[in-house]
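S.K.: predicted structure and sequence below. I'll ask about it afterward.
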Amino acid sequence: MPTDTAILELESLTAEQAIAQLAVRSPLIHCITNTVVQNFTANMLLAAGAIPAMIIDPSECQEFAAVADGLLLNVGTLHHEHCPTYYHAAENAHRFAKPWVLDPVAVGGLTLRTEFCRKLLALRPSIIRGNASEISVLAGEAATGRGPETQMSTEQALAAAQQLATHAESIVVITGEYDLITDGQRTYKVSGGSALATRVTGAGCALSALCAAFATLGGDRLINVASGCWMMSRAAEYAAQHAVGPGTFAMHLLDGFAQLRAAP
């Protein structure tokens, strides 16, 4: 069980240092993600300073595991035929000691994805990123959300997230009105962002890919992943200042990432 329940605030300078490190490292991130968000996820990784690879053939996934720096598994448009590809990709990431992220979209509401994501936990995802409902379900609590939506607050899911992080030996990221990032012992809070992000398909899914990129950096992985959440929040604030609606928000969100990456 967690021994330190204090919630820490991530310092801007710390996050900026991680962003600069990401731009220098330019990690290659293998994204097996849902079909709705592939283009946006790839563009966001490029804007942030990482390199996306959207490889889905099972034989190529196995070959690519040794090459990629990190892996994202997002079950948003999961089909039963996809499950072996997802599972073996996670197996290979685990075998090659590459960080991998599980994005358990809509677990609790549908049986296939719920049972499959619970099976994936045995492969020790480096990071689990979801909303309060999704995280609570993976921690063993009852479902309370509607797919990617949730009626729970981020704070309400913190105890479940800490329990899940400890049990799965993972970093758990709860996103919502603010983000909480925990390894079961320490917890960081990232505030800010924009409500417009909830009106754009794929912002949360793209954040999961960003977490995979930041997980490849050297140093404290918890702080690095929190820095990825900080980058998303600051980019969303930039986008909200320049947007006139959700369409232009999505465009300016990419610009926000590029601005942060290029900042001295």
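M.R.: Happy to help now that I have it. Residues are numbered from 1 along each chain as shown.

S.K.: the residue positioned nearest the centre of the chain sits in which helix or strand?
M.R.: Centroid-nearest residue in the chain, with CA atoms, centre = their mean: Ser208, separated by 2.0 Å. If you go by DSSP states H and E, Ser208 is part of helix 203-215.

S.K.: between the helix or strand just after that helix and helix 203-215, how many degrees?
M.R.: Beyond helix 203-215 on the C-terminal side, the first helix or strand identified by DSSP H and E is helix 221-242. Helix 221-242 and helix 203-215 are oriented at 140 degrees to each other (axes from the mean of the first three to the mean of the last three CA atoms, to 10 degrees).

S.K.: distance from the chain centre to helix 221-242, please.
M.R.: Centroid displacement of helix 221-242 relative to its chain, using CA atoms, centre = their mean, to the nearest Å, is 12 Å.

S.K.: just the buried residues of it, please?
M.R.: Using 16 or more other CB atoms under 10 Å as the test for burial, helix 221-242 gives 221-236, 238-240. C-betas here are computed from N, CA, C, even on glycine.

S.K.: repeat that for stretch 46-60.
M.R.: 46-50, 52-53, 55-56.

S.K.: what two of the residues you listed are the furthest from one another?
M.R.: Using CB to CB, the two most remote members of the buried residues of stretch 46-60 are Gly49 and Ile56, lying 23.8 Å apart.

S.K.: shaky segments in the stretch 101-250 of the chain?
M.R.: For the stretch 101-250 of the chain, applying pLDDT under 70 flags the ranges 143-151.

S.K.: where do the helices sit along it?
M.R.: For the stretch 101-250 of the chain, applying DSSP state H, counting those that start in this stretch gives helices covering 111-120, 132-138, 158-168, 203-215, 221-242, 246-262.

S.K.: before we move on, back to that, quick one: contacts for the residue nearest to the centre of the chain?
M.R.: Ser208 is in contact with 33, 72, 74, 101, 103, 127, 129, counting by CB atoms under 8 Å, 6 or more residues apart in numbering.

S.K.: repeat that with 10 Å
M.R.: Going by CB atoms under 10 Å, 6 or more residues apart in numbering, Ser208 touches 31, 33, 37, 41, 72-74, 76, 101-105, 127-130, 173, 175, 228.

S.K.: now these: which count as buried?
M.R.: Looks like these have 31, 33, 37, 41, 72-74, 76, 101-105, 127-130, 173, 175, 228 buried, using 16+ other CB under 10 Å.

S.K.: which of these fall in strands?
M.R.: Judged by DSSP state E, those include 31, 72-74, 101-103, 127-130, 173 as members of strands.

S.K.: of the residues you listed, which is the nearest to Gln62?
M.R.: Among these, Leu73 lies closest to Gln62 (CB to CB), at 14.4 Å.

S.K.: test my guess that the closest one contacts Glu91.
M.R.: No - judged on CB atoms under 10 Å, Leu73 makes no contact with Glu91 at a distance of 11.2 Å.

S.K.: quick one: common contacting residues for these two?
M.R.: 100, 120, 123.

S.K.: top of the residues you listed by neighbour count?
M.R.: In terms of neighbours by other CB atoms under 10 Å, these top out with Trp100 at 29 neighbours.

S.K.: look up which residues are beta-bridged to that one.
M.R.: Beta-bridge pairing for Trp100 (DSSP bridges): Leu71.

S.K.: now do the contacts for it.
M.R.: Taking CB under 10 Å, 6+ apart as the test, what Trp100 contacts is 29-30, 32, 65, 68, 70-73, 89-94, 120, 123-127, 170, 212, 215.
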